[in-house]
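Asks: kindly generate the corresponding structure for this input.
(one chain, ligands or ions: 1)
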Amino acid sequence: MDTALLDRPLPADVSAERVTAVEHYTDRLFRFRTTRPASLRFRSGEFVMIGLPHALHNGKPVFRAYSIASPSWDEELEFFSIKVPGGPLTEHLQRVRPGDMVLVRRRPTGTLVVDALLPGRRLFLFATGTGVAPFASILRDPETFERFDEVVLVETCREVAELAYARQVVDGLADDPLVGEFAGRVRLYDSATREPHVREGRITALLSSGRLFADLGIDAIDPAQDRAMICGSLAMLRDVAAMLEALGLGEGSNNRPATYVVERAFAG
Ligand code: A2P
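Replies: Numbers count the residues shown, from 1 in each chain. Okay, the predicted model is just below:
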């Protein structure tokens, strides 16, 4: 990659990549794709730090944790981002166009990986807002379907239009060369909280009222066979985790796989 546009040399673990595509969903959410650093290996569901050459703090690029939304086999990287007005990184990131340069630190990490879960039959993915990004990666990885018979993506956003990204990922599975044959094993259960929707209300309310189970034709979450991943705001992580614990699930990690996992890197 040509780094001549940069004023200073990049740290050894940072690559300059080119934006290949950008799609805006709302005035708050967008996705973009970039070329992939040749040496970057990651597990689907992990995150990296990204920055921009011109988004600086004290003269140095500002880096933020971003889940990689593309699967580990993809030759490009995809990211799903919020746009924060005046945000040190996203104020600039929301303006990227194909051909622009994005900085990627090649140190993937994270707990939302199938390795951190004990074997099970059904995988629940609970997301709010941009928390759906790591699940866009996991849903497009054949390994997910080697480990689980069924995957249920449960997503809540404020507005209906914010749900479009997850819908696009799930609808695209059928035509995917690697996971197309598993598309019938994925269900999307989405809801909006601040606009009329067929399913209104938070994930937590849909769980506690039993509506989620009734709609999906599931008796309950069973710790013997159900596994879960959670990604969203700090309050959402806390509330969903408490509900899963009450149902008998326990939190796992890379070192100690268990029945559910949480990613706290983005929770503000
Ligand atoms: P609400 O509209 O009732 O706040 P945000 O964009 O602020 O991250 O929120 C994304 C979605 O997550 C919103 O629909 C929001 O609902 C919902 N949400 C916020 N806090 C929680 C929580 N503690 N548990 C479940 N959902 C939550």
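
Asks: close to the ligand: what parts of the stretch 51-200 of the chain are there?
Replies: With Cβ under 6 Å from any ligand atom as the criterion, the stretch 51-200 of the chain comes near the ligand at residues Thr128, Gly129, Thr156, Cys157, Arg158, Thr193, Arg194. Where C-beta positions appear, they are placed from N, C-alpha and C, glycine not excepted.

Asks: a markdown table for the residues you listed, including neighbour count and pLDDT?
Replies: What follows is those, written out as a markdown table (neighbours: other Cβ atoms under 10 Å; pLDDT from 0 to 100):
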| residue | neighbour count | pLDDT |
| --- | --- | --- |
| Thr128 | 25 | 97 |
| Gly129 | 20 | 96 |
| Thr156 | 28 | 98 |
| Cys157 | 28 | 97 |
| Arg158 | 15 | 97 |
| Thr193 | 15 | 98 |
| Arg194 | 11 | 98 |
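
Asks: show me where pLDDT drops low in the stretch 151-268 of the chain?
Replies: By pLDDT under 70, the weakly predicted segments of the stretch 151-268 of the chain are 267-268.

Asks: going along the chain, name the helices of it.
Replies: Under the criterion DSSP state H, counting those that start in this stretch, the stretch 151-268 of the chain contains helices at 164-172, 203-208, 211-216, 234-246.

Asks: off-centre distance for the second one?
Replies: What it means is helix 203-208. The chain centroid and the centroid of helix 203-208 are separated by 20 Å under Cα atoms, centre = their mean, to the nearest Å.

Asks: any bit of it sitting next to the ligand?
Replies: Yes - against the ligand, helix 203-208 shows contacts by Cβ under 6 Å from any ligand atom at Ile203, Thr204.

Asks: what are the buried residues along that helix?
Replies: By 16 or more other Cβ atoms under 10 Å, the buried positions in helix 203-208 come out as Ile203, Thr204, Leu206, Leu207.

Asks: which residues touch the third one?
Replies: When contacts are counted by Cβ atoms under 8 Å, 6 or more residues apart in numbering, Leu206 is found next to Val154, Thr156, Tyr189, Ser191, Arg199, Leu212.

Asks: just give me the longest strand of the chain.
Replies: In the chain, assigned by DSSP state E, the strand with the most residues is strand 14-24.

Asks: show me what that one is packed against.
Replies: strand 29-35, strand 101-109 (3 or more Cβ pairs under 8 Å, 6 or more residues apart in numbering; DSSP states H and E).
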